[in-house]
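A.B. asks: below: sequence and its predicted model.
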Amino acid sequence: MNKRRIYPQWFLFAPVALYVLFFLLPGLLGVFYAFTDWTVRSAGDVHFVGLQNFIDLFTSTNVHYAQGIVNTLRFTLISNIVKLIPALLLAVLLSENLRGRNVYRTILYMPSILPFLIIGLVFNSILTFNGLLNNILDAVGLENWQQKWLSDPNIVWGSIYAVDAWRGIGYVMTIFLAGINAIPRSYYEAAEIDGANFWQRLMHITLPMISGAITINLVFGITYGLKVFDIVYVLTNGGPGRATEVITTYSYQLYAQGKYAMSTAMNTILLVFTLVAGVFIVRMMAKREVQQ
Amino acid sequence: MTVRSHSTNRNRRVLPWRRYLRTALTQLLCIILCLMVLIPFYLVIVNSFKTKGEAARMNAFLPTEWHFENYAEVVKKGKLVQGFLNSLLYAGGSSLIGVLLSAMAAFVLCRKRTRWNNFMFYFILCGLFFPVNYVTLIQVLNGFGINNTRLGLVLVYTATMVPFCVFVIRNFVLTVPVELDEAAVLDGVRPLGLFFRIAAPMLRPAMITCFLLQFMGVWSDFLTPLYIISSSKLWPMNLAVYNFFGKYQSYWNLVFADIMLTILPVVILYLIGQRQIISGMTSGAVKE
């Protein structure tokens, strides 16, 4: 049968055109502008300056942009560890025939549908110094547990990871849970007869069988971590000082200051990180598709 | 062999005890975790009904007097009706167009696997990872004369959701038998009819899932309007809340009421559509 006539190529036109125009083109233009002196005042008069913007970003002494890049990478790593491991254990627990597990799943997944902005505002009210958490600690006699959750540089990242985990664990868990539920029960029964304990079952049956769920969680976890903005912006706005700045918050600041080229240079660095992660992941997926 | 069977026997004897204890502990853990999720919601709700002074004290007690009028005040002061309608238009409009266009693309990409179409699939998939460059996006939108307009925002959202929707729906097309298409074509159905009358009904679960996820995603998005929307008339609810917070920072009762009204639509949508949302979110996790 003539596939050309049944499945017309023009079905692709509109979505691909939108995708190219409003997604890829700005990305490419951004890479180009990263090598220019474009600012709010250039008014069309833009010059090529080579690597100057990148040199400025890495050598600037009054604002440590490089630290923002390090913060982003560290956030990507730690926030994923903090979410993936507890979520996996939780999914294993919930996968057993636990009464009420659907209710638990519904509740635990709920935070991940809420706007970050809202979560940020709510936790702002909970974590500020005169906020709910400190007041509750005071009320139950744990005054010395009180902390400046959002303004102590040594603690603030912990608060961000905690809020991020509050939002994300249910989501990660749900994906793990779907993977685990698809494993045939007979595997576990066989393992139990052989006397395998909890850890042995986890390492030798569960983990290898849920590689798909792990891949999905890593894809979304890594890209989310690299692109993180809202939660940091609303919880701390990069503070205290510049302790919690990340790539995207710096990029937004540079844009707001009218340093457009610097902002796109920052974004280009982010693009390179996601490109590396993306190539790696797409390769992995393509390989799996071939195997099927 | 004897040792092993011996140990299973012993396990079996201890099991009822241990199983009860384990179930109890697991239940306890789950309840604690659910409470940790729900407590912030509780705090927002109770504090949204307090007076300004009482809410500023930031505690978890019920209000001494219930001030329902806080909500009316927020709706008036916070540009919430306008924000709600804007958000509805952005989220509904872009999700509808985005899902429909992506489904058409995914259908062709999956059914006609030429070398070029395979390339296109991975080309579109790149969008799952790349960040949006907002500064140059504004340039592009200016070029089309649609920066700081509703149309511009809807088109941007539509463009950014194409990769995810194509990815999810294409996986789903694999499960729809090709014989259906062939029978329809033999009956003289044309391509558009084939898609809308034969394929789309079969793809409906995946399309509904994508629609719900993207709707909630756009509803929650904050960064895009922060960059490209400057006039307050075009603010989505999120931005209205943020600016409200900036202006009335010390009125936590009103901020909380504002938050309640903003999250209510997505929470309701989630509770109604959670089956589709979760099944769609996890479809990739199982299909290996």
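C.D. replies: Done, it's in.
A.B. asks: in contact with residue A:274, which residues?
C.D. replies: Shown in contact with residue A:274 (C-beta atoms under 8 Å, 6 or more residues apart in numbering or on different chains): A:223, A:226-227, B:129-131. C-beta coordinates here come from the backbone N, C-alpha and C atoms, glycine included.
A.B. asks: in helices, which of those fall?
C.D. replies: A:223, A:226 (DSSP state H).
A.B. asks: would CSV of the contacts of residue A:274 with distance to residue A:6, neighbour count and pLDDT be doable?
C.D. replies: Below are the contacts of residue A:274 laid out as CSV (distance: C-beta to C-beta, whole Å; neighbours: other C-beta atoms under 10 Å in any protein chain shown; pLDDT from 0 to 100):
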residue, distance to residue A:6, neighbour count, pLDDT
A:223, 35, 20, 88
A:226, 40, 22, 93
A:227, 39, 21, 90
B:129, 32, 23, 82
B:130, 32, 20, 85
B:131, 37, 21, 87
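A.B. asks: looking at the contacts of residue A:274, which is nearest residue B:88?
C.D. replies: Using C-beta to C-beta, residue A:227 is the member of the contacts of residue A:274 that lies nearest residue B:88, at 25.8 Å.
A.B. asks: doesn't residue A:248 make contact with the closest one?
C.D. replies: Yes. Counting by C-beta atoms under 8 Å, residue A:227 sits close enough to residue A:248 to count as a contact (6.4 Å).
A.B. asks: quick check: neighbours shared by those two?
C.D. replies: A:270, B:131.
A.B. asks: picking that back up, mind putting the contacts of residue A:274 into CSV with distance to residue B:214?
C.D. replies: Listed next are the contacts of residue A:274 as CSV, based on distance: C-beta to C-beta, whole Å:
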residue, distance to residue B:214
A:223, 16
A:226, 21
A:227, 17
B:129, 17
B:130, 17
B:131, 18
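A.B. asks: residue B:249: which of the contacts of residue A:274 is nearest?
C.D. replies: Checking those against residue B:249 with C-beta to C-beta, the nearest one is residue A:227 at 27.7 Å.
A.B. asks: can you pull the contacts of the closest one?
C.D. replies: A:248, A:270, A:274, B:131.
A.B. asks: next: residue A:82.
C.D. replies: Residue A:82 makes contact with A:161, A:164-165 under the criterion C-beta under 8 Å, 6+ apart.
A.B. asks: look up how far residue A:154 lies from it.
C.D. replies: Taking C-beta to C-beta, to the nearest Å as the measure, residue A:82 falls 17 Å from residue A:154.
A.B. asks: so which strand or helix has residue 125?
C.D. replies: Just going to use chain A. Taking DSSP states H and E as the criterion, residue A:125 maps to helix A:116-127.
A.B. asks: wait, chain B was what I had in mind.
C.D. replies: Element membership of residue B:125, judged by DSSP H and E, is helix B:115-125.
A.B. asks: could you do residue B:59 as well?
C.D. replies: Short version, using DSSP H and E: residue B:59 is in no helix or strand.
A.B. asks: circling back to that earlier point, what's the helix holding residue A:125 packed up against?
C.D. replies: Helix A:116-127 sits against helix A:132-139, helix A:156-181, helix A:230-235, helix B:2-48, helix B:237-247, helix B:252-286, with contacts defined as 3 or more C-beta pairs under 8 Å, 6 or more residues apart in numbering or on different chains; DSSP states H and E.
A.B. asks: is stretch B:28-35 anywhere near chain A?
C.D. replies: Yes. For stretch B:28-35 and chain A, the contact criterion (C-beta under 8 Å from any C-beta of the partner chain) is met by B:29-30, B:33-34.
A.B. asks: dump the residues you listed to JSON lines, plus pLDDT, neighbour count and distance to residue B:46.
C.D. replies: Listed next are those as JSON lines, based on pLDDT from 0 to 100; neighbours: other C-beta atoms under 10 Å in any protein chain shown; distance: C-beta to C-beta, whole Å:
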{"residue": "B:29", "pLDDT": "90", "neighbour count": "14", "distance to residue B:46": "26"}
{"residue": "B:30", "pLDDT": "90", "neighbour count": "22", "distance to residue B:46": "24"}
{"residue": "B:33", "pLDDT": "92", "neighbour count": "19", "distance to residue B:46": "21"}
{"residue": "B:34", "pLDDT": "93", "neighbour count": "19", "distance to residue B:46": "18"}
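A.B. asks: nearest to residue A:25, of the residues you listed?
C.D. replies: Nearest to residue A:25, judged by C-beta to C-beta, of the residues of stretch B:28-35 next to chain A is residue B:33 at 44.1 Å.
A.B. asks: quick one: residue A:163 from residue A:134, how far?
C.D. replies: From residue A:163 to residue A:134 the distance is 16 Å (C-beta to C-beta).
A.B. asks: kindly report the same for residue B:161.
C.D. replies: The spacing between residue B:161 and residue A:134, counted by C-beta to C-beta, is 40 Å.
A.B. asks: fine, thanks again, bye for now.
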